[in-house]
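[1] return atomic coordinates for the entry below.
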Amino acid sequence: MAAAKPEIPRTTPCSVLVEAGKSYFWCACGRSQSQPFCDGSHKGTGFTPVKYVAEKKQWVWFCGCKQTGTAPLCDGSHKTL
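    Next comes the predicted model:
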């Protein structure tokens with residue numbers, strides 16, 4: 001049986017100004033109402049959020065389409081949707 005595919009909540013990345021040392025939990029299932037971050041909507045789906053710890057204060061592009069090969073960051077996969 002093939003693994004479930006995540007929902008695609010948006011077809012563009014999400015730019016977020018992250019804070020040094022802070023942990024962020026990226027939504028991997030696409031169901032969260034708090035995109036690009038997890039709100040617990042994955043429960044029962046087999047998906048788990050991906051932890052990202054910011055090394056410094058900077059703008060980061062989190063994947064919005066959930067198709068990235070470099071989770072949780074955008075790798076441009078949205079361009080092929």
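
[2] just the pLDDT for the residue nearest to residue 70 when sequence neighbours are not counted.
    With Cβ to Cβ, 6 or more residues apart in numbering as the criterion, residue 70 has its nearest non-adjacent residue at 7.8 Å, and that residue is residue 63. Where C-beta positions appear, they are placed from N, C-alpha and C, glycine not excepted. Looking at residue 63, its pLDDT is 98.

[3] please report how far residue 63 lies from residue 15.
    12 Å (Cβ to Cβ, to the nearest Å).

[4] of the two, who's got more company?
    residue 63 (27 against 12; other Cβ atoms under 10 Å).

[5] wait, the more buried one touches residue 26, no?
    Yes. In terms of Cβ atoms under 8 Å, residue 63 counts as a neighbour of residue 26; the distance is 7.4 Å.

[6] what is in contact with the two at once?
    By Cβ atoms under 8 Å, 6 or more residues apart in numbering, residue 63 and residue 26 have these common neighbours: 36, 71, 72.

[7] the second one is in what secondary structure piece?
    In other words, residue 71. Assigned by DSSP states H and E, residue 71 belongs to no helix or strand.

[8] low pLDDT regions in the protein?
    Low-confidence segments of the chain, defined by pLDDT under 70: 1-3.

[9] element containing the nearest residue to residue 33 once chain neighbours are set aside, please.
    In space, and not counting its chain neighbours, residue 33 is closest to residue 39: 5.6 Å by Cβ to Cβ, 6+ apart. Using DSSP H and E, residue 39 sits within no helix or strand.

[10] for residue 39, give me its contacts.
    So residue 39 contacts 27, 32, 33 (Cβ under 8 Å, 6+ apart).

[11] of all the residues you listed, which comes closest to residue 4?
    Nearest to residue 4 among the contacts of residue 39: residue 27, at 14.2 Å, using Cβ to Cβ.

[12] what's the burial count for residue 77?
    Neighbour number of residue 77 under other Cβ under 10 Å is 16.

[13] is it true that it touches residue 64?
    No. Counting by Cβ under 8 Å, residue 77 sits too far from residue 64 to count as a contact (10.1 Å).
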